[in-house]
Each structure stands twice: as structure tokens, then as C-alpha cells.
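>>> Here is my input, please return the structure:
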Amino acid sequence: MLDFIYRSLVIGVAATALLDLWALFLKNAFGIPPANWAMVGRWFGHLTRGTAMHEDIAKAEPFPNELTVGWIGHYAVGVLFAAALLLLAGPAWKFAPTAVWPLIVGLVTVGCGWFILQPGMGAGIAASRRPNAGQIRLLNIAGHTVFGLGMFAAAWLIR
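Below is the predicted model of the structure:
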């Protein structure tokens, strides 16, 4: 069990950190703003009060430390996705990781953003209420592919 927790933490944190480096690259190279983790923290905060859907999360009541909560939630979700990867790929995968499972998990997790987080924050399904929905969708797919590759690389390094 400790090995599972260790691998979930290392793989999830490393892959999430790579995703954050990807977002920094996009910001510096193309001027694409990164995710606003304060608004994600606000969304997580409202979940504790039983509210998952908002018309516009920016207009929802603020929570103390929402930026910190957003960042912690971002990394916690990355660790949970890494744990799902380890469960789905099976115990032998950790000794000889391949890129297939992490890429599958990475791409499937796009659905969490499209069908849970974005609608919950008021952006609509797959950001359909945003004027640049197509760009957001492409960035989501690219980012989650980077996340999947990060899970593979981290798993390979600790195999």
C-alpha cells in the first residue's frame, strides 16, 4: 500500500508540475494565460457548501485562501489521476511502464474538465459558453496529453 501511495504521489506531482511548466511555456511563448487557480479554489470551496454549478464562478462569493486551495486541489487531482492510472494499468506496469496507459488516462481526464469543472464554473460543457471554446478545447487536449506524458516519464524514472 505504501508503494502505491508513493508512486501515486511521485507520478501525480511530477506530471502536474510538467503540466504547469507547459502552461508557463504557453504564456511566455504565445501569451496564453494559464488557468486561474483562485477560481478553481473558489469552486472547490463552494463544493463544501453543496454547490457544484455556478452561472459565473467569478461572481460567486469568495473564499479565504482560494488561490492556495486551487493549487492544492490541482495537485491533489493530479495525484488521484496517477492513482487511477496505477490501478488501471495493473501491478506489472510499474516495473515496465509504457506510454499507452498514461496517454489514455491523460486524454480521458479531459472529460473531467469538460463535463464537471467547466460547466460547474459557468463555462458550459467543454467551454461552450466561452468565445474561444475551440482554442480552450485544443489547449485542454494538449495539456492533458502533456500530463499523460509526464505520468509516463515519472513512472519510467521510478520503475
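>>> Tell me where this structure has helices.
For the chain, helices defined by DSSP state H occupy the ranges 2-30, 37-47, 66-89, 100-108, 110-112, 118-121, 133-157.
>>> Reformat those helices as CSV; add mean pLDDT.
Formatted as CSV, the helices of the chain follow (pLDDT from 0 to 100):
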stretch, mean pLDDT
helix 2-30, 98
helix 37-47, 97
helix 66-89, 98
helix 100-108, 96
helix 110-112, 96
helix 118-121, 97
helix 133-157, 98
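>>> right, and these - which one's nearest residue 53?
Minimum separation from residue 53 across the helices of the chain (CB to CB) falls at helix 118-121, 5.5 Å. Glycine gets a C-beta too; all of them are placed from N, C-alpha and C.
>>> quick one: contacts of that closest one?
39-40, 43, 52-54, 56-57, 124-127 (CB atoms under 8 Å, 6 or more residues apart in numbering).
>>> repeat that with 6 Å
Under the criterion CB atoms under 6 Å, 6 or more residues apart in numbering, residues 43, 52-54, 57, 125, 127 lie in contact with helix 118-121.
>>> hang on, the earlier thing: how about a markdown table for the helices of the chain, with mean neighbour count added?
As requested, the helices of the chain are exported to a markdown table (neighbours: other CB atoms under 10 Å):
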| stretch | mean neighbour count |
| --- | --- |
| helix 2-30 | 16 |
| helix 37-47 | 21 |
| helix 66-89 | 19 |
| helix 100-108 | 19 |
| helix 110-112 | 15 |
| helix 118-121 | 21 |
| helix 133-157 | 19 |
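>>> got the contact list for residue 74?
residue 37.
>>> from here on, count from 129
OK, 129 is where the count begins now, so the last one is residue 202.
>>> Distance of it relative to residue 279?
15 Å (CB to CB, to the nearest Å).
>>> Then residue 246?
22 Å.
>>> Check residue 207 too.
11 Å.
>>> Give me the distance between the residue nearest to residue 276 when sequence neighbours are not counted and residue 194.
Nearest residue to residue 276 in three dimensions, chain neighbours excluded: residue 234, at 2.3 Å (CB to CB, 6 or more residues apart in numbering). Residue 234 is 26 Å from residue 194, where distance means CB to CB.
>>> Likewise for residue 160?
For residue 160, the distance to residue 194 equals 22 Å [CB to CB].
>>> do the same with residue 245
15 Å.
>>> Just the pLDDT at the closest residue to residue 151 other than its chain neighbours, thanks.
Spatially, and ignoring its direct neighbours in sequence, residue 151 is nearest to residue 162 (4.1 Å; CB to CB, 6+ apart). In this model, residue 162 is scored at 95, pLDDT.
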